[in-house]
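Visitor: Pasted the sequence and its predicted model underneath.
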Amino acid sequence: SQQGEEDPQALSIQEGENATMNCSYKTSINNLQWYRQNSGRGLVHLILIRSNEREKHSGRLRVTLDTSKKSSSLLITASRAADTASYFCATVPNSGYSTLTFGKGTMLLVSP
Amino acid sequence: NAGVTQTPKFQVLKTGQSMTLQCAQDMNHNSMYWYRQDPGMGLRLIYYSASEGTTDKGEVPNGYNVSRLNKREFSLRLESAAPSQTSVYFCASMGGSYTGELFFGEGSRLTVL
């Protein structure tokens, strides 16, 4: 079963605008990760945020985590056409050895 | 560095045929995974291997078998392919702690007629 659920399912913006994607999950987590997938390619890891962190930055990416609401957001600032891709959140449960569980993804289209 | 390499990239099978998807990683990672990706379903875990010599079922293991041949290689076998197994299959690996990031291959696109 899916642990994370991204919102919105699809997002269309213009170059230069900011893009915000949200992820909600159900159980206690060790960490939450965001991945990007370009069309026809494999997933690429973007950023990992641990359960004791509230915000993390990496270049034009900003991730927040609210464990009380079991939600995370990914903000891409000053979007470029090259940011067009699907974005997935993935969670690692906080219970022994486990595996990453992925959401269904948000498709982002950035138009020039 | 090649990272995670999957073969074949594309395959068409008839119902009932068998095939093996190969995966190899050159990053000396302990854990390896097989996911399938279907439209609107995200990625679902089929099988994983936490370390050489061990394999475990994921969320959707039925119809599949796996072999962790050595630390580098993790294969996925379809014994009798069904149209419901039409999907894109991704192999991934993770080094060190199991809470780290996954490194993915480029995918194997399988169609079962």
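Guide: Thanks, I have it.

Visitor: Just list the residues touching residue B:2, thanks.
Guide: Residues near residue B:2 by Cβ atoms under 8 Å, 6 or more residues apart in numbering or on different chains: residue B:26. Every residue, glycine included, has its C-beta placed from N, CA and C.

Visitor: In three-state terms, label it for me.
Guide: coil (DSSP: H, G, I helix; E, B strand; the rest coil).

Visitor: Give me every residue in chain B lying close to chain A.
Guide: B:4, B:33, B:35, B:40-45, B:48, B:50, B:58-59, B:90, B:92, B:98-107 (Cβ under 8 Å from any Cβ of the partner chain).

Visitor: Narrow those residues to those that are buried.
Guide: For those, a burial check counting by 16 or more other Cβ atoms under 10 Å in any protein chain shown picks out B:4, B:33, B:35, B:42-45, B:48, B:50, B:58, B:90, B:92, B:98-107.

Visitor: Please tell me the pLDDT value assigned to residue A:7.
Guide: pLDDT for residue A:7: 85.

Visitor: Pretty sure it sits against residue A:103.
Guide: No: between residue A:7 and residue A:103 there is no contact under Cβ atoms under 8 Å: 9.2 Å.

Visitor: For chain B, which segments are assigned as strands?
Guide: Here chain B has its strands, by DSSP state E, at B:4-7, B:10-13, B:19-25, B:31-38, B:42-49, B:56-57, B:64-68, B:74-78, B:87-94, B:103-104, B:108-112.

Visitor: As a markdown table, the ones you listed with distance to residue A:80 and mean pLDDT would be great.
Guide: Listed next are the strands of chain B as a markdown table, based on distance: least, Cβ to Cβ, whole Å; pLDDT from 0 to 100:
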| stretch | distance to residue A:80 | mean pLDDT |
| --- | --- | --- |
| strand B:4-7 | 27 | 97 |
| strand B:10-13 | 30 | 97 |
| strand B:19-25 | 30 | 98 |
| strand B:31-38 | 25 | 96 |
| strand B:42-49 | 25 | 94 |
| strand B:56-57 | 40 | 94 |
| strand B:64-68 | 39 | 97 |
| strand B:74-78 | 35 | 98 |
| strand B:87-94 | 26 | 97 |
| strand B:103-104 | 22 | 96 |
| strand B:108-112 | 28 | 97 |
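
Visitor: Quick one: those strands as CSV, columns for distance to residue A:23 too.
Guide: What follows is these, written out as CSV (distance: least, Cβ to Cβ, whole Å):
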stretch, distance to residue A:23
strand B:4-7, 24
strand B:10-13, 31
strand B:19-25, 27
strand B:31-38, 17
strand B:42-49, 11
strand B:56-57, 25
strand B:64-68, 28
strand B:74-78, 28
strand B:87-94, 19
strand B:103-104, 19
strand B:108-112, 27
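
Visitor: closest to residue A:25 out of those?
Guide: With Cβ to Cβ as the measure, strand B:42-49 is the member of the strands of chain B nearest residue A:25 (12.8 Å).

Visitor: same for that closest one, what does it pack against?
Guide: In terms of contacts (3 or more Cβ pairs under 8 Å, 6 or more residues apart in numbering or on different chains; DSSP states H and E), strand B:42-49 is packed against strand A:101-102, strand B:31-38, strand B:56-57, strand B:64-68, strand B:74-78.
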